[in-house]
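Chemist: got a predicted structure here, sequence first:
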Amino acid sequence: DQQVKQNSPSLSVQEGRISILNCDYTNSMFDYFLWYKKYPAEGPTFLISISSIKDKNEDGRFTVFLNKSAKHLSLHIVPSQPGDSAVYFCAATRGGSQGNLIFGKGTKLSVKP
Amino acid sequence: KAGVTQTPRYLIKTRGQQVTLSCSPISGHRSVSWYQQTPGQGLQFLFEYFSETQRNKGNFPGRFSGRQFSNSRSEMNVSTLELGDSALYLCASSLVSLAASWYNEQFFGPGTRLTVL
């Protein structure tokens, strides 16, 4: 039973346009959500996070939106750059800690010049 | 500051064997967590060690075990290897225990690619 789902295995976007990566979750107890980016042959790197008391968090070109009623979050990248091409994982946790993070299976983003 | 290092980077074993993977955290980090990444299951949390004690454990069989040394370096051991154990094993370090707070960034190593034949 997947508690965190990224239903699009891949996404292709033109450079300069917006990339929208989606993530759905089933456990209403999750209260903290994170996005990681992973390049080939490297470990994931933390990108941005959001707690359940917020519905939006911004960091430069990256914005995460949280819709608790729909149990849905999305990562917006504007404008998209070729260097953003990577696999993006969303993750969720509960209880005020990052213990036992639950990850989605990832979405591979390709940004074409 | 050096990042998280994992050795070896690649490993081939046969079914029934055992394997030990090593992780050196970022200097000053006291928490080390281990994750398994497979195409079918994605990234799954194995366990976390902090101050030489296992603090948290994911849903994996007892064949998966680990330990942490006084210098915070950690090893993960998998006994009686099965074909399904073929995966990328990632370790991540953080300053304090994952249970301490949400805002506790984990830094991942490049992983060890284990192939079980």
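Modeler: Okay, I see it.
Chemist: going forward, measure contacts and count neighbours with C-alpha atoms only.
Modeler: Will do.
Chemist: what does stretch A:90-98 rub up against?
Modeler: If you take CA atoms under 8 Å, 6 or more residues apart in numbering or on different chains as the criterion, stretch A:90-98 is touched by A:4, A:6, A:23, A:29-36, A:99-104, A:106, B:98-102, B:104.
Chemist: buried residues in it?
Modeler: Using 16 or more other CA atoms under 10 Å in any protein chain shown as the test for burial, stretch A:90-98 gives A:C90, A:A91, A:A92, A:T93, A:R94, A:G96, A:S97, A:Q98.
Chemist: from A:V4, how far off is the first one?
Modeler: Relative to A:V4, A:C90 is positioned 8 Å away (criterion: CA to CA, to the nearest Å).
Chemist: what do you get for the fourth one?
Modeler: Counting by CA to CA, the gap between A:T93 and A:V4 amounts to 10 Å.
Chemist: any common contacting residues for these two?
Modeler: If you check A:T93 and A:V4 against CA under 8 Å, 6+ apart, the residues they both contact are A:I102.
Chemist: in ChimeraX, select just the buried ones from the contacts of stretch A:90-98.
Modeler: Command for ChimeraX, covering only those of the contacts of stretch A:90-98 found buried under the criterion 16+ other CA under 10 Å:
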select /A:4,6,23,30,31,32,33,34,35,36,99,100,101,102,103,104,106 /B:98,99,102,104
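Chemist: among the contacts of stretch A:90-98, name the ones in strands.
Modeler: Within the contacts of stretch A:90-98, residues falling in strands by DSSP state E are A:V4, A:C23, A:Y32, A:F33, A:L34, A:W35, A:Y36, A:I102, A:F103.
Chemist: turn those into JSON lines, columns for distance to chain B and pLDDT.
Modeler: Below are the ones in strands among the contacts of stretch A:90-98 laid out as JSON lines (distance: CA to the nearest CA, whole Å; pLDDT from 0 to 100):
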{"residue": "A:V4", "distance to chain B": "10", "pLDDT": "95"}
{"residue": "A:C23", "distance to chain B": "14", "pLDDT": "97"}
{"residue": "A:Y32", "distance to chain B": "7", "pLDDT": "92"}
{"residue": "A:F33", "distance to chain B": "9", "pLDDT": "94"}
{"residue": "A:L34", "distance to chain B": "10", "pLDDT": "94"}
{"residue": "A:W35", "distance to chain B": "12", "pLDDT": "97"}
{"residue": "A:Y36", "distance to chain B": "10", "pLDDT": "96"}
{"residue": "A:I102", "distance to chain B": "7", "pLDDT": "91"}
{"residue": "A:F103", "distance to chain B": "6", "pLDDT": "93"}
